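In: Below is the sequence, then the predicted model.
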Amino acid sequence: MTTHLIHELEQLKKQIFSLVAMVENNLTLVVKAVQDRNKSMALQAVENDTEIDQAEVAVEEECLKLLALHQPVAIDLRFIVAMLKVNNDLERVGDLAVNIAERAVFLNGMPPAPIPFDFDKMAEKATRMLRQSLDALVNSDVPKAIQVCKADDEVDAINRAMYEQVKSAIREYPQHLDAFIHLLSVSRHLERVADHATNIAEDVIYLVRGRIVRHAPDVPVRKDDVGDQV
């Protein structure tokens with residue numbers, strides 16, 4: 001690996017980690033906007049997405065430049081490919097945060113309605129999964145990435161149960177129908193955040209091990225899973 005390539009890979013790391021921080025902060029902001037019925041927080045999150053989009057484009061352009069100029073192989077190639085995939089998932093989480101923010105603005109303009117499912121639990125699990133997947137990325141930590149993959153089933157189960165809870169709430173409080181529909185949408189967006197966190201965790205495993213585990217039913221932990229990074 002040339003000194004020039006090493007320097008540019010380090011710059012790419014800094015770019016992706018900066019994007020990580022922006023996306024994580026914006027998701028936390030929109031969750032709080034729903035919990036607190038805070039319109040200004042929601043609007044701030046929508047505004048923040050412009051910077052996230054610009055950062056995502058910059059990361060993609062940097063990855064493509066490195067591929068074209070250096071024609072990397074082995075771990076360097078895996079790193080750039082993984083960053084391209086992670087970059088795409090981060091941008092999608094950013095979009096989902098905007099969708100949640102738009103629902104928060106709508107809910108803020110309506111009479112308070114009882115939340116018919118455990119929103120706090122679902123939001124906490126989805127945001128924790130994203131945070132852990134990003135920690136795994138920063139530290140090339142496969143055991144933590146595996147934990148994220150396993151946690152996705154819990155969020156899926158909450159999401160499935162939530163549909164029945166919303167149906168019951170609509171029957172009991174038909175005057176809050178519109179609010180319940182928007183809360184249902186928020187839940188679905190959080191479930192998708194968990195899916196993208198799982199994608200990032202799988203990319204961490206690919207980065208460290210060179211193995212695609214997208215459809216693997218179980219991924220064992222190995223002694224050499226932490227620390228083999230660019």
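Out: Here it is on my side, so go on.

In: Mind picking out the helix or strand in this protein with the poorest mean pLDDT?
Out: Ranked by mean pLDDT, DSSP states H and E, the helix or strand of the chain with the weakest confidence is helix 142-172, at a mean of 88.

In: list the contacts for the nearest residue to Ala194 once chain neighbours are set aside?
Out: Spatially, and ignoring its direct neighbours in sequence, Ala194 is nearest to Val155 (4.0 Å; CB to CB, 6 or more residues apart in numbering). All C-beta atoms are positioned from the backbone trio N, CA, C, and that covers glycine. By CB atoms under 8 Å, 6 or more residues apart in numbering, Val155 lies in contact with 122, 125-126, 129, 190-191, 194.

In: Neighbour-wise, give me the winner out of those.
Out: With neighbours taken as other CB atoms under 10 Å, the top of those is Ala126, carrying 30 neighbours.

In: still on that earlier bit, quick check: buried residues in the least confident helix or strand of the chain?
Out: By neighbour count on 16 or more other CB atoms under 10 Å, the buried set for helix 142-172 is 142, 144-149, 151-152, 155, 158-159, 162, 165-166, 169-170.

In: got the angle for the helix or strand just after that helix vs helix 142-172?
Out: Tracing the chain past helix 142-172, the next element assigned as helix or strand by DSSP states H and E is helix 177-209. Interaxial angle, helix 177-209 versus helix 142-172 (axes from the mean of the first three to the mean of the last three CA atoms, to 10 degrees): 170 degrees.

In: Quick one: list the elements packing against helix 177-209.
Out: Here helix 177-209 touches helix 74-108, helix 119-139, helix 142-172, going by 3 or more CB pairs under 8 Å, 6 or more residues apart in numbering; DSSP states H and E.

In: still on that earlier bit, next, the angle from the least confident helix or strand of the chain to helix 119-139.
Out: 160 degrees.

In: Off-centre distance for helix 142-172?
Out: Relative to its parent chain, helix 142-172 has a centroid offset of 15 Å by CA atoms, centre = their mean, to the nearest Å.

In: go on, stretch 38-52?
Out: The answer for stretch 38-52 is 17 Å, by CA atoms, centre = their mean.
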